[in-house]
Every structure is written in C-alpha cells, then in structure tokens.
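1. no sequence on this one, just coordinates:
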C-alpha cells in the first residue's frame, strides 16, 4: 500500500530543487538570453522603422519646401516673361505707330506736292484766262456792258476750272 516515508519525501524535494536549479542555470538562462536577443532585434527593427519614418518625414518636408521654391521661382519667371512680353509688345506697337506716322507724313507730303502741282496748273489757267480777257478787252471797245459780260465770263470759267481740278 501506500506509505509515507519522510526521508523519501525530503530526497524528492531536494531532487526537485536541484532540477529547478540546473534548469534555471542551463535551460532558462539560455532561453532568457534568446528571448533577450530577440527582444533586442525587435527593438532594433522598431528603432530602424522609426528612423525610416523620421527620414521619410524629413524628405517629405524637404520635397514640400523645394516644391514651394520651384513654384515661387516658376511664378517669378512667368511674371518676368509676361513683363518682357508686354515691353516687347509696347516696343512693337511704338515702332508700328512710328512707321504709321511716317507713312501718314509721307502721304501728306505727297498730297501737298500734288496740290502744289495742281495749284500751279490752276494758276497757269487763270493767267491764260486773264491774258485772254485782256486781249479781248484790248481788241474791243470797252463799254460797260461788254466789260460786265467779260467779267461774268471770266468768273464762270475760273469757277468751272477751279471746281474741276479739285
């Protein structure tokens, strides 16, 4: 049957304590070392991930800063191009206006020249009419009725030749 022996019981307890000590010294120590190493690896990976996230955020900030600078620079270049285009436009318009003024001036000069030529021709016609009237007056006896008739004829011819030329 079952009997209880105190010496046996104490030996069992001592054996269990020795097994626990040996397990703790050789087994649990190594297991704890492996667990500690794995925990270190996990912590390193978390630290590496945190650094990568921080670097990514820094890169994102740098990118956004550079993007803002590029946008500002492109806006400045665009504004400078607009100003340059406006100044070129103003220069072209000014040049075109000057050319148009030159053309108008040349046309006015040409028109004045043509008017002078027409005026000379008209003056010659008037001289011829005056000479014609003078020769008729010299050839006829001057009376009031004849001179009035010649004067009216002279005026009508001068009016007709003056309106016909202009």
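-> Perfect, I can see it now. Owing to the predicted nature of the structure, the values given are computational and were not obtained by experimental measurement. Numbering: from 1, shown residues only.

2. so what's residue 151 up against?
-> Going by C-beta atoms under 8 Å, 6 or more residues apart in numbering, residue 151 touches no other residue. Glycine gets a C-beta too; all of them are placed from N, C-alpha and C.

3. helix or strand: which one has it?
-> When elements are assigned from DSSP states H and E, residue 151 belongs to helix 144-165.

4. now swap in residue 107 and tell me
-> helix 29-139.

5. and that helix, how far out from the chain middle?
-> Offset of helix 29-139 from its chain centre (C-alpha atoms, centre = their mean, to the nearest Å): 7 Å.

6. that one packs against which elements?
-> Applying 3 or more C-beta pairs under 8 Å, 6 or more residues apart in numbering; DSSP states H and E, we find helix 29-139 packed against helix 144-165.

7. number of nearby residues for residue 132?
-> Number of residues near residue 132 (other C-beta atoms under 10 Å) recorded here: 14.

8. do residue 122 as well
-> As a burial measure, residue 122 scores 17 neighbours (other C-beta under 10 Å).

9. from residue 4, how far out is it?
-> 164 Å (C-beta to C-beta, to the nearest Å).

10. got it, and residue 56?
-> Counting by C-beta to C-beta - residue 56 and residue 4 are separated by 70 Å.

11. the more surrounded of these two?
-> residue 56 (10 against 6).

12. mind checking which helix or strand of this structure has the lowest mean pLDDT?
-> Using mean pLDDT, DSSP states H and E, helix 144-165 stands out as the lowest-scoring helix or strand of the chain, at a mean of 68.

13. how about low-confidence regions in this structure?
-> Residue ranges of the chain with pLDDT under 70: 1-2, 134-147, 150, 161-166.

14. try 50 this time
-> By pLDDT under 50, the low-scoring segments of the chain are 165-166.

15. what secondary structure does residue 4 sit in?
-> Put simply, residue 4 is coil when judged by DSSP: H, G, I helix; E, B strand; the rest coil.

16. state the distance from residue 24 to residue 32.
-> To residue 32, residue 24 is 9 Å away according to C-beta to C-beta.

17. with residue 123 instead?
-> Note on residue 123: its distance to residue 32, by C-beta to C-beta, is 133 Å.

18. then residue 108?
-> On the measure of C-beta to C-beta, residue 108 and residue 32 end up 111 Å apart.

19. perfect, that will be all.
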